[in-house]
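**Student:** Fold the following for me, if possible:
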Amino acid sequence: MWSCPYDEPNSLSVQQEKYGPGNYMSEESMMRIRMLAVAFVALALVAAGQIVLAAEGGQAGAEAAPGTTSKVAAKTVPTFHCLGIYWSPENGAAGKKVLVKFREIGQAAWREGLPMRYNPVKTPECKGDYRGSIVNLTPGATYEVALALEGTAVRTSLKAATWSEKFPVASTVKVASSATTLMVNKSGTADGYVLYDGTGSVIDCGNKSALGISVDANYVILRGFTIRNVKEHGIRIMKGHHIVIEDCDISKWGSEETNGFGFEQQAGVFGSDKDIHAVVIQRCKIHNPTWNTNSWAEDHYKGRDSRHPDGPQTIVFFETDGNHVIRYNELWSDKDHYYNDIIGGRFNSSYRGFPGADSDIYGNYLANCWDDGIESEGGNQNVRIWNNYIENTMMSIANAATSIGPLYIWRNVAGRSYSPPGSSWGLTHGSFMKMGFAGNDSWMTGHMYVFNNTLLQPNDEGPNGLGGDSKLIKHCVTRNNILHVRSADTHAIATAKNSVDNDFDYDLMSAGRYPSDQEKHGIKGTPRYVPGAGFSFATKTGNFQLAPDSPGFHKAVVIPNFCEGVNGAPDMGAQEAGAPPMVFGVKAQFDPPAASAKGPAGQ
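**Tutor:** Sure thing, here's the model as predicted:
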């Protein structure tokens, strides 16, 4: 058996020693208890406000009694690098966080996770009163997780394993080139997938078939296919789960609706069945659809009330069951074949939406759309988006709204943002994060965490900050972001008067306007980068390190499990000083930060 750190003398409770009748504690014993209590406070690392930051130690939980195991079990949902955690303990309340510790099996040191906030949402889709994620984990590893309800004796513990990156293969179907739709209907099992090997083969339907590949199966791998010239979707998942799509090249999909514009949300990969889950799309190139999308300055067809872009996308899911991973892909097009959103789906005002609960989007290169680069809208329940490069979009990341949460967005880099002259509402560009809502603000009930992102300004053409000038923002925590906006933009963060429950701080901001009661430790200034910094389309790599004389250099605050520093204080923005270039797309490989493998001394 393993022991929960919240029940150990050197952790969150001090166990009283047993003494015989009439005996008193010795001076040595009293001193030892005092030292243990001090050690506990140092380990708590609880910040005042809404977030736990190691640099802002506090005393929450110090009064906790010896642990009592909760009658309510916690649950986890894994991906390769993350664990989603759900717990509804006795006596949960708005003023009490759940403190999180974890360690890989075999390691002695416990590491701090980001605390979970109490936020029950009245829908069957909500998986727990407390929800949160442990990130930067190793694939195929088993972890011990210990949870403690702040200010109480309630504890629980569990073990959970991340996904392995090695999928067992029971049988292989070698697929030859074809001019008709490939029907994938042979399922594998968890112990052995069916591999459909399309390496070297081309499915070119000559625009006579609706689909390149139709999937109605579980535990299958689609590898190495080139798909082009289909009337609707490159790959459509009709039904299924545990589906891996890798090393594929998909182009020339979709049909014309009118005036050279394609039908809305015809996609390289498409799925609309609500039971679809556990789809991995990795190391694919999805690019250059057959038809264009109207911009915000164009009518899709005459007589329509809105100029909202309509047209093709690379990946689309409608209200699926989630637990998807979209990683290491290159998703782009040319100036005459733009996307509506690059990846996204339906519905914004919902408790599911896109991408679905417990999903990860990372390591991708995304470009060339008239609306949202990543449309992560709807439930956003333990949705995690990191290490992406996004350019030539209007909005970089859309989050209107987040109804369940939490949504985590960290270490992304945003480049050029653009909307053409004549766009609705006079738009010329968009924001790094959309904020706001679709429908009404009653959907804005989920929490969001935005850490260590970088807004570049190549030729002063990058995005605005968070929510533009005036979007409503609720339940959002920011830390360590470089909010470098265009020289003519006035806001780093939107200043809507009815925004509530936000905690913006420790961000580097080039514009002077943000909510007046926020950013007590924020820095006003413009970032300076090391020589040669920037992004290379040819190699899909980028260097975004701050120069030693830049504002924000070594000025970031430590965030457990997200930004922990290696050699001294961490940096603001997506890339630490001295780190290797960031890589996006098919050659990317996410390696958890070195600091994440270590906890503070004594943990």
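**Student:** Leaving out sequence neighbours, find the closest residue to Ile343.
**Tutor:** Using CB to CB, 6 or more residues apart in numbering and skipping residues adjacent in sequence, the residue nearest Ile343 is Ile315, 4.3 Å away. Using the backbone N, CA and C atoms, a C-beta is placed for each residue, glycine as well.
**Student:** got the contact list for that neighbour?
**Tutor:** If you count contacts by CB atoms under 8 Å, 6 or more residues apart in numbering, Ile315 has them with 267-270, 281, 286, 326, 331, 342-344.
**Student:** which residue ranges form the helices in the chain?
**Tutor:** For the chain, the helices defined by DSSP state H cover 27-44.
**Student:** related to what we said a few turns ago, what distance do you get for the residue nearest to Ile343 to Ser178?
**Tutor:** Ile315 sits 23 Å away from Ser178, going by CB to CB, to the nearest Å.
**Student:** pLDDT weak spots in this structure?
**Tutor:** Counting by pLDDT under 70, the chain contains low-confidence residues at 1-66, 566-567, 594-603.
**Student:** can I see the domain layout of it?
**Tutor:** The record's domain parsing of the chain by automatic domain parsing lists 1-163, 254-583.
**Student:** now the ones you listed as CSV including distance to Ile227?
**Tutor:** What follows is the domains of the chain, written out as CSV (distance: least, CB to CB, whole Å):
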stretch, distance to Ile227
domain 1-163, 25
domain 254-583, 8
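**Student:** Asp204 is nearest to which of the ones you listed?
**Tutor:** Checking the domains of the chain against Asp204 by CB to CB gives domain 254-583 as the closest, at 12.6 Å.
**Student:** Could I get the contacts of Ile315 in TSV, plus columns for neighbour count and distance to Ala94?
**Tutor:** Shown next, in TSV, are these (neighbours: other CB atoms under 10 Å; distance: CB to CB, whole Å):
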residue	neighbour count	distance to Ala94
Ala267	27	40
Gly268	33	43
Val269	30	40
Phe270	23	40
Ile281	27	38
Ile286	29	43
Ile326	28	34
Leu331	29	40
Ile342	27	37
Ile343	29	34
Gly344	28	32
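**Student:** about what we covered before: show me what the residue nearest to Ile343 is bridged to.
**Tutor:** Ile315 has the following beta-bridge partners by DSSP bridges: Val269, Ile343.
**Student:** Quick check: the gap between it and Asp334.
**Tutor:** 18 Å.
**Student:** now swap in Asn288 and tell me
**Tutor:** Plainly put, Asn288 is 6 Å away from Asp334 if you go by CB to CB.
**Student:** Compare neighbour counts for these two and give me the winner.
**Tutor:** Legend: neighbour count by other CB atoms under 10 Å for Asn288 and Asp334, higher for Asn288 (18 against 11).
**Student:** can I assume that one is in contact with Lys252?
**Tutor:** Yes - Asn288 lies in contact with Lys252 (CB atoms under 8 Å); the separation is 6.6 Å.
**Student:** what's the burial count for Arg411?
**Tutor:** Arg411: 24 surrounding residues under other CB under 10 Å.
**Student:** what do you get for Thr156?
**Tutor:** Around Thr156 there are 22 residues (other CB under 10 Å).
**Student:** Please name the bridge partners of it.
**Tutor:** Beta-bridge partners, per DSSP bridges, of Thr156: Leu147.
**Student:** Correct me if wrong: it contacts Gly67.
**Tutor:** No - using CB under 8 Å as the test, Thr156 is too far from Gly67 to be in contact (9.0 Å).
**Student:** what's near enough to touch Asn340?
**Tutor:** 264-265, 293, 309-313, 369-371.
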